[in-house]
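In: curious how this folds, go ahead:
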Amino acid sequence: MKTPSIAIIAALPREIAGLVRGATADRELLQSGISLYRLPQAVVVAAGMGAQRAALAVEAARNAAPVSMLISVGLAGACTPEITPGAAAEVALTIDTRTGERYTSAALLAGLTLATIDGIADINEKSRLAAAYGTALVDMEAATVARLALAHGLAFRAIKAVSDACDFELDSLAQYAGEHGEFRTAAFALHTALRPWQWSKAARLGRDSSRALKALTAALQQILHDEGV
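Out: As a prediction, the model looks like this:
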């Protein structure tokens, strides 16, 4: 079997589910909330939301194989009306809003800009990011993956599944991050079930996220094919 040269870094297992279908996660790492899959073409890891969990995912991937590229993937919110939910988009520039550091893509010279922040962005934050940084997308992990790629001399790319529009907000989302950066889906579902006024919004988020993740899976499969790994 050829040694993988790409590590695909996600936050949530559902973000990589289509790509790793049929594969088995490393059982030892699962105890720490890290889902790592060794594919013939790539190491694929989901370790939870946020900077700390993204760093753990990168560490696990680098321990699993001598990779030469990190690709940050997963769900992201749109900051401008031109970005349509339900699609996947590759990022040219990633900005760490905590430090102001900027990271370029190994694949694109120009294109979309993504801002990485510490939490789930509401409508006001999306608007602020678009005005301050010219960002089209916002997430919680890409800048950490980019920083570690630079530190270890690895190439970096970011491809995001657009889950929500710039004017979309669901107040209850942020409170359902678990101990290992996971999203507590069952608790969120119960919370939503008791609040009928949120049903339509939650359903729309679910539909758009599912369509976006299918597009993301297709994009990643194409990358692996094009790279010839």
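In: switch to C-alpha atoms for all contacts and neighbour counts from now on
Out: Fine.
In: what sits against residue 86?
Out: Residue 86 makes contact with 161-164, 207-213, 215, according to Cα atoms under 8 Å, 6 or more residues apart in numbering.
In: ok, and the closest non-adjacent residue to it?
Out: Of all residues not flanking residue 86 in the chain, residue 212 sits nearest, at 3.9 Å (Cα to Cα, 6 or more residues apart in numbering).
In: strands of the protein, start to end?
Out: Ranges of strands in the chain, per DSSP state E, are 6-10, 35-38, 42-46, 69-78, 88-96, 102-104, 112-116, 137-139, 155-164.
In: any chance of these in TSV, plus mean pLDDT, distance to residue 131 and mean neighbour count?
Out: Shown next, in TSV, are the strands of the chain (pLDDT from 0 to 100; distance: least, Cα to Cα, whole Å; neighbours: other Cα atoms under 10 Å):
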stretch	mean pLDDT	distance to residue 131	mean neighbour count
strand 6-10	97	27	28
strand 35-38	96	36	24
strand 42-46	96	31	28
strand 69-78	96	13	27
strand 88-96	97	14	23
strand 102-104	97	16	19
strand 112-116	97	12	25
strand 137-139	97	12	28
strand 155-164	95	18	26
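In: among the ones you listed, which comes closest to residue 24?
Out: Distance to residue 24, taken as Cα to Cα, is lowest for strand 35-38 among the strands of the chain, at 6.3 Å.
In: show me what that closest one pairs with in its sheet, parallel or antiparallel.
Out: Here strand 35-38 has these sheet partners by DSSP bridges: strand 42-46 (antiparallel).
In: related to what we said a few turns ago, make CSV from the strands of the chain and add distance to residue 53 to it.
Out: Formatted as CSV, those follow (distance: least, Cα to Cα, whole Å):
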stretch, distance to residue 53
strand 6-10, 10
strand 35-38, 11
strand 42-46, 9
strand 69-78, 13
strand 88-96, 16
strand 102-104, 19
strand 112-116, 14
strand 137-139, 13
strand 155-164, 17
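In: residue 125 is nearest to which of those strands?
Out: By Cα to Cα (comparing all of these), the closest turns out to be strand 137-139, at 9.4 Å.
In: ok, now how distant is the residue most central in space within the chain from residue 25?
Out: The residue lying closest to the centre of the chain (Cα atoms, centre = their mean) is residue 74, at 2.4 Å. Separation of residue 74 from residue 25 (Cα to Cα, to the nearest Å): 18 Å.
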